[in-house]
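structure of the sequence below:
(chains A and B)
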Amino acid sequence: MSENEGTDPIEVLRTPIQLDYDYTAGVSASRFLRAVAKGKLLGQKCPVDGRVYFPSRGSCPQHGVPFEDGATVELPDKGTLVTYSIVRVPSENIPLELPYITVQVLLDGADTVLMHVLDAGLDDVRMGMRVQAKWKPESEWTTSMTNIEYFVPIDEPDADYETYKEHI
Amino acid sequence: MRDVAVVGFAQSANVRRETDRNEVEILIPVIQELRKTTGVQNDEVDFVCSGSSDYLAGSSFAFVAGLDAVGAWPPVCESHVEMDGAWALYEAWVKIQMGYADVALVYGFGKPSMGDLPLTMALQLDPYTVMPLWPDAVSVAALQARVGLDAGIYGEREMAERAVRDRANAKANPCAQVKGDFTVEGILADPFLANPLRKHDCAPISDGASAMIIAAGDRARQIQDRPAWIRGFEHICEPMDLGVRDLTSSRSTAIAAEKAGVRSDKVDVAELSAPFTHQEILVERALGLGDATDVNPSGGALAGNPIMAVGLARIGEAARRVWDGSADRAVAHATSGPCLQQNLVCLLEGN
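Now for the predicted structure:
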């Protein structure tokens, strides 16, 4: 006879796991974040085909070549909304009021898109819309992309689809 | 079987803490050096395989970023193992054997300084009865060392001799982290870190990366004058539960060595990835190494232990001895899991 007979089966075992990490952003991302703290947006130009990656990173992921120090490019905080999604489902780590609009913005001069949120009417948002960053007050700037609170539409004609179709 | 050889190898310096660079930035110059020394560019590589651990990076899919160092356009045929790069090499070797590739790029990288490595390693133990106790990796290895000492398999002096040898050899290795002239008496006078292990019985914690090119047949001969042909390649795993294993020997290493054909002739050079001195003794014995073999001319894992890259680096160090003619027959070893749970043996020959 089993010694477990007549006892309730063990169905759940809780084994909490916590590991702490001292994260290293890296040389390239650190340069990017320090620039963001000053309100500047840095991209890096690939030495092979001249494409500009934003944010800046250590190497071109397409060609696997390191970015040289001089390859840093400062980008404007204006760009084109290339695609978007209206979010109606809450998420634990996003404190925004529902519904809100997530957007991918192609900054002028960049070849990769930036993901952020847009402050606009749900009926107004559209692909090709011209947008600009709305920064937090300078006194609150830190080494974080949250220095940009959100993007807002600006009064410029929509970009032609042909100019951003490769970046969707 | 196709003739496949190790034809290129590069590694970063093994350091306790890379303060500024992230994992990808450690890897970038290593891949660049490999391209420069072999002349092999991306368009000639048929298969890319990497070894790393998201547990070390502390984020999921962290290994994907490693491809930034390689470049992934046009799209590459690529795979990853959550193991040392030595196992990534094994996958690449199989791919070439199957005829799906002729040239493969393999790399491993790890930055354990971001976390607490001995505790992170506890996560590979049995998740129900052992892991919740959070036994750190050094303590688990110490239990194994104690079993062997009590059984008279080796002595503390013999263990210290391994540390002295490896760290003296490492003086010739610019990438090694712990090197110098130590004495057995000096080491035995040190306090215990986890009884019976002293600091010198343990491999250092190292950040680093290593990368390799392997190629088949004539392509290998074009890249390297004297390719290091892979004549035997095996890996064997023992059970996870420490209680059901014989911890006083490394049976899986012995089986892998047997299958790889290590004992059929003399071994000139052996590069071992055992991270503790008593484990190095167990691996030496399981491989059947004697006085004729130069063990760990690079210093082995005890001189630098960039986890996930260290086993691949042992194969690279062994291959270098074949390339330069100082060895005709070299054996490299890699390990994974607690107390030498899983072991890989790679036999390289110049002919």
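
only C-alpha atoms for contact and neighbour calcs from this point on.
Noted.

what parts of chain A come near chain B?
A:13, A:15-16, A:19-27, A:58-66 (Cα under 8 Å from any Cα of the partner chain).

among the residues you listed, which ones are in helices?
A:Val27 (DSSP state H).

among the residues of chain A next to chain B, the buried ones, what's the PyMOL command?
Here is the PyMOL command that selects the buried residues among these (16 or more other Cα atoms under 10 Å in any protein chain shown):
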select buried, chain A and resi 21+24+25+26+58+59+60+61+62+63+64+65+66
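
give the contact list for residue 27.
The chain I'm using is chain A. A:Gly58, B:Asp20, B:Arg21, B:Asn22, B:Glu25 (Cα atoms under 8 Å, 6 or more residues apart in numbering or on different chains).

wrong chain, I was asking about chain B
Applying Cα under 8 Å, 6+ apart to B:Leu27 gives the contacts B:Ser12, B:Gly66, B:Ala69, B:Phe109, B:Gly208, B:Ala209, B:Ser210.

what's the distance between it and B:Met212?
12 Å (Cα to Cα, to the nearest Å).

do the same with A:Glu140
47 Å.

likewise for B:Ala170?
For B:Ala170 relative to B:Met212 (Cα to Cα), the value is 21 Å.

what's the answer for B:Gly300, then?
Remark: distance between B:Gly300 and B:Met212 (Cα to Cα) = 17 Å.

neighbour count winner among the two?
B:Gly300 (33 against 27; other Cα atoms under 10 Å in any protein chain shown).

could you list the domains of chain A?
As assigned by automatic domain parsing, chain A contains the domains A:23-75, A:76-168.

deepest-packed of the ones you listed, please.
Comparing those by mean neighbour count (mean count of other Cα atoms under 10 Å in any protein chain shown), domain A:23-75 ranks first with a mean of 19.

now it, how far from the chain's geometric center?
Between the centre of domain A:23-75 and the centre of its host chain there is 14 Å, according to Cα atoms, centre = their mean, to the nearest Å.

okay, the contacts of B:Leu27 in TSV with neighbour count and secondary structure next?
What follows is the contacts of B:Leu27, written out as TSV (neighbours: other Cα atoms under 10 Å in any protein chain shown; DSSP: H, G, I helix; E, B strand; the rest coil):
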residue	neighbour count	secondary structure
B:Ser12	24	coil
B:Gly66	24	helix
B:Ala69	26	helix
B:Phe109	31	strand
B:Gly208	30	strand
B:Ala209	34	strand
B:Ser210	32	strand
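
check those residues against chain A, which are close?
Of these, the ones that also sit near chain A (Cα under 8 Å from any Cα) are B:Ala69.

dump the contacts of B:Leu27 to TSV, plus pLDDT.
Shown next, in TSV, are the contacts of B:Leu27 (pLDDT from 0 to 100):
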residue	pLDDT
B:Ser12	98
B:Gly66	91
B:Ala69	92
B:Phe109	98
B:Gly208	98
B:Ala209	98
B:Ser210	98
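
what's the weakest-modelled helix or strand in chain B?
helix B:54-57 (a mean of 93; mean pLDDT, DSSP states H and E).

next secondary structure element downstream of that helix?
Next helix or strand after helix B:54-57 toward the C-terminus (DSSP states H and E): strand B:78-81.

so which elements touch that next one?
With contacts defined as 3 or more Cα pairs under 8 Å, 6 or more residues apart in numbering or on different chains; DSSP states H and E, strand B:78-81 has these neighbours: strand B:47-51, helix B:85-97.

can you put those in a markdown table and add mean neighbour count?
Output for the helices and strands packed on strand B:78-81, formatted as a markdown table (neighbours: other Cα atoms under 10 Å in any protein chain shown):
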| stretch | mean neighbour count |
| --- | --- |
| strand B:47-51 | 26 |
| helix B:85-97 | 24 |
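
now the ones you listed in JSON lines, with distance to chain A and mean pLDDT?
Converted to JSON lines, these look like this (distance: least, Cα to the nearest Cα, whole Å; pLDDT from 0 to 100):
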{"stretch": "strand B:47-51", "distance to chain A": "13", "mean pLDDT": "98"}
{"stretch": "helix B:85-97", "distance to chain A": "19", "mean pLDDT": "98"}
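
so can I have CSV of those showing distance to B:Asp116?
Below are the helices and strands packed on strand B:78-81 laid out as CSV (distance: least, Cα to Cα, whole Å):
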stretch, distance to B:Asp116
strand B:47-51, 20
helix B:85-97, 21
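
residue in chain A nearest to chain B?
Minimum separation of chain A from chain B (Cα to the nearest Cα) falls at A:Gly64, amounting to 3.5 Å.

so that residue touches B:Ala65, yeah?
No: counting by Cα atoms under 8 Å, A:Gly64 stays clear of B:Ala65, with 11.2 Å between them.

can you map out the strands along chain A?
With DSSP state E, the ranges of strands along chain A come out as A:41-45, A:52-53, A:59-60, A:65-66, A:72-75, A:78-87, A:100-107, A:114-118, A:130-135, A:148-153.

now the ones you listed in CSV, with mean pLDDT?
Formatted as CSV, the strands of chain A follow (pLDDT from 0 to 100):
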stretch, mean pLDDT
strand A:41-45, 94
strand A:52-53, 94
strand A:59-60, 88
strand A:65-66, 86
strand A:72-75, 94
strand A:78-87, 97
strand A:100-107, 97
strand A:114-118, 95
strand A:130-135, 98
strand A:148-153, 97
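
which of the ones you listed sits closest to B:Trp323?
Closest to B:Trp323 of the strands of chain A, according to Cα to Cα: strand A:65-66, at 27.5 Å.

which residues touch the least confident helix or strand of chain B?
Outside of helix B:54-57, the residues within contact range by Cα under 8 Å, 6+ apart are B:Ser60, B:Phe61, B:Ala62, B:Phe63, B:Glu82, B:Gly110, B:Lys111, B:Pro112, B:Met114, B:Gly115, B:Leu117, B:Thr120.

the same query, at a cut-off of 10 Å, please.
Applying Cα atoms under 10 Å, 6 or more residues apart in numbering or on different chains, the contact partners of helix B:54-57 are A:19, A:21-24, B:22-23, B:60-64, B:82, B:109-117, B:120-121, B:123, B:307-308.

helices of chain B, start to end?
Under DSSP H, chain B gives helices at B:23-38, B:54-57, B:85-97, B:117-120, B:137-150, B:156-169, B:184-188, B:217-223, B:251-260, B:277-287, B:310-323.

how about the residue nearest to the spatial centre of chain A, what does it touch?
Note on chain A: the residue nearest the mean C-alpha position is A:Met115, at 3.9 Å, using Cα atoms, centre = their mean. Remark: with contacts taken as Cα under 10 Å, 6+ apart, A:Met115 is in contact with A:Leu81, A:Thr83, A:Tyr84, A:Thr102, A:Val103, A:Gln104, A:Val105, A:Leu106.
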